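Trainee: The sequence and its predicted three-dimensional model are supplied below.
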Amino acid sequence: MKELNRPVRVLVAKVGLDGHDRGAKIIATSLRDAGMEVIYTGLRQTPEMVVNTALQEDVDAIGVSILSGAHMTVFPKIINLMKEKGMDDVLVTGGGIIPDEDMQALRKIGVGELFPPGTNTVTIVNYIKDWVLKHRDF
């Protein structure tokens with residue numbers, strides 16, 4: 001399989017007032033263990049903070065962990081801010097408690113795969129690597 005000449009850069013973000021970050025930390029560690037460069041924003045980020053950090057850090061992907069139920073507000077806001085800043089080649093993915101019908105609606109606006117709790121971390125690592133190889137090969 002083709003490889004990048006550099007590590008994949010991923011921003012892992014917790015948006016809103018949701019204070020449960022164990023899953024985000026597990027994902028961040030799994031991505032780092034797979035050789036990716038990971039920037040973890042910490043808790044209580046706004047969509048603006050996440051997009052600005054992603055732009056400053058020149059990431060390939062943004063992974064949003066959300067358990068609060070605000071996914072139908074948070075993801076569209078992130079997508080719109082990214083479009084405003086010309087970040088059309090950055091993956092927005094994530095996970096948390098998101099009903100299937102909401103996942104489908106979010107995919108239609110440009111959000112990538114969304115992973116429910118309990119997803120094998122290898123699945124997430126492979127998804128991000130494959131996406132980056134296809135869309136950000138530079």
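Mentor: Done, it's in. Just so we're clear, the structure is a prediction, and the values are computed from it rather than from any experiment.

Trainee: Pull out the buried positions in stretch 70-83.
Mentor: Within stretch 70-83, the residues that qualify as buried by neighbour count (16 or more other C-beta atoms under 10 Å) are His71, Val74, Phe75, Pro76, Lys77, Ile78, Ile79, Leu81, Met82. C-beta: built from backbone N, CA, C; applies to glycine.

Trainee: before we move on, which element is the second one in?
Mentor: When elements are defined using DSSP states H and E, Val74 is found to belong to helix 71-84.

Trainee: pretty sure Ile62 contacts Val50?
Mentor: Yes - counting by C-beta atoms under 8 Å, Ile62 sits close enough to Val50 to count as a contact (6.4 Å).

Trainee: Any chance of the buried residues of stretch 70-83 in a markdown table with distance to Ile109 and pLDDT as columns?
Mentor: Formatted as a markdown table, the buried residues of stretch 70-83 follow (distance: C-beta to C-beta, whole Å; pLDDT from 0 to 100):
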| residue | distance to Ile109 | pLDDT |
| --- | --- | --- |
| His71 | 12 | 95 |
| Val74 | 12 | 96 |
| Phe75 | 7 | 97 |
| Pro76 | 6 | 98 |
| Lys77 | 11 | 98 |
| Ile78 | 10 | 98 |
| Ile79 | 6 | 98 |
| Leu81 | 13 | 98 |
| Met82 | 11 | 98 |
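
Trainee: Using a markdown table, please lay out the residues you listed together with distance to Arg107.
Mentor: Converted to a markdown table, the buried residues of stretch 70-83 look like this (distance: C-beta to C-beta, whole Å):
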| residue | distance to Arg107 |
| --- | --- |
| His71 | 12 |
| Val74 | 15 |
| Phe75 | 10 |
| Pro76 | 12 |
| Lys77 | 16 |
| Ile78 | 14 |
| Ile79 | 11 |
| Leu81 | 18 |
| Met82 | 15 |
